[in-house]
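Novice: let's see this in three dimensions:
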Amino acid sequence: MGYKRQKLVKLTWADGEFQGLEVRVRRVSVGKLLKLLPLMDGLDIDKADEAEALLLEFGSLLAGWNLEDEDTGDPVECTPEAFIEQDLEFMMEIVQQYGANIAGVAAPLEQPSPSGEQFQEASLPMGDL
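Specialist: Residues are numbered from 1 along each chain as shown. Here you go, the predicted structure:
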């Protein structure tokens, strides 16, 4: 039996403004990722046509989300067109989280690690015998 690679990346937000948001995004080849890298670094608003094309391309990778319409509470359809109808901060949050996820960047620790105590050996006098 062979190995089957999971085709979706699940992004979740545990706190902050996007708490509760879940987005499923398709994995991409390295070639397609290289085309999307400028988007992950930020948008160049002087090149609006290019930015729109990149956002639509990224939007085509979306496989699902739990986004609801702010006014009606109805689910928002998960399409490239619906993606680019969202505000810039929302779109870039998803893009950047996806980039961090596929780059293998670990999430920050939930609680800070304690520094612990210094080893006793480190405090022994090191004078000549």
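Novice: from here on, contacts and neighbour counts on C-alpha atoms
Specialist: OK.
Novice: same question for the longest helix along the chain, mean pLDDT?
Specialist: In the chain, with assignment by DSSP state H, the single longest helix is helix 88-102. Mean per-residue pLDDT for helix 88-102: 90.
Novice: list the buried ones in that helix?
Specialist: The neighbour-count check on helix 88-102 (16 or more other C-alpha atoms under 10 Å) flags Met91, Met92, Ile94, Val95, Gln97, Tyr98, Gly99 as buried.
Novice: can I get it in PDB? Just the C-alpha atoms.
Specialist: Output of helix 88-102 as PDB, limited to C-alpha atoms (Å, rounded to 0.1, in the frame of the first residue of the first chain):
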ATOM      1  CA  LEU A  88      -7.600  43.300   2.300                       C
ATOM      2  CA  GLU A  89      -6.700  42.500   5.900                       C
ATOM      3  CA  PHE A  90      -8.800  39.300   5.800                       C
ATOM      4  CA  MET A  91      -7.400  38.100   2.500                       C
ATOM      5  CA  MET A  92      -3.800  38.800   3.500                       C
ATOM      6  CA  GLU A  93      -4.300  37.000   6.800                       C
ATOM      7  CA  ILE A  94      -5.300  33.900   5.000                       C
ATOM      8  CA  VAL A  95      -2.600  34.200   2.400                       C
ATOM      9  CA  GLN A  96       0.100  34.700   5.000                       C
ATOM     10  CA  GLN A  97      -1.100  31.900   7.300                       C
ATOM     11  CA  TYR A  98      -1.100  29.600   4.300                       C
ATOM     12  CA  GLY A  99       2.500  30.600   3.400                       C
ATOM     13  CA  ALA A 100       3.600  30.100   7.000                       C
ATOM     14  CA  ASN A 101       1.900  26.700   7.100                       C
ATOM     15  CA  ILE A 102       3.400  25.300   3.900                       C
END
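Novice: what helices and strands are in contact with that helix?
Specialist: In terms of contacts (3 or more C-alpha pairs under 8 Å, 6 or more residues apart in numbering; DSSP states H and E), helix 88-102 is packed against strand 8-12, helix 30-40.
Novice: that helix: how far from the chain's middle?
Specialist: Its chain's C-alpha centre and that of helix 88-102 lie 4 Å apart, by C-alpha atoms, centre = their mean, to the nearest Å.
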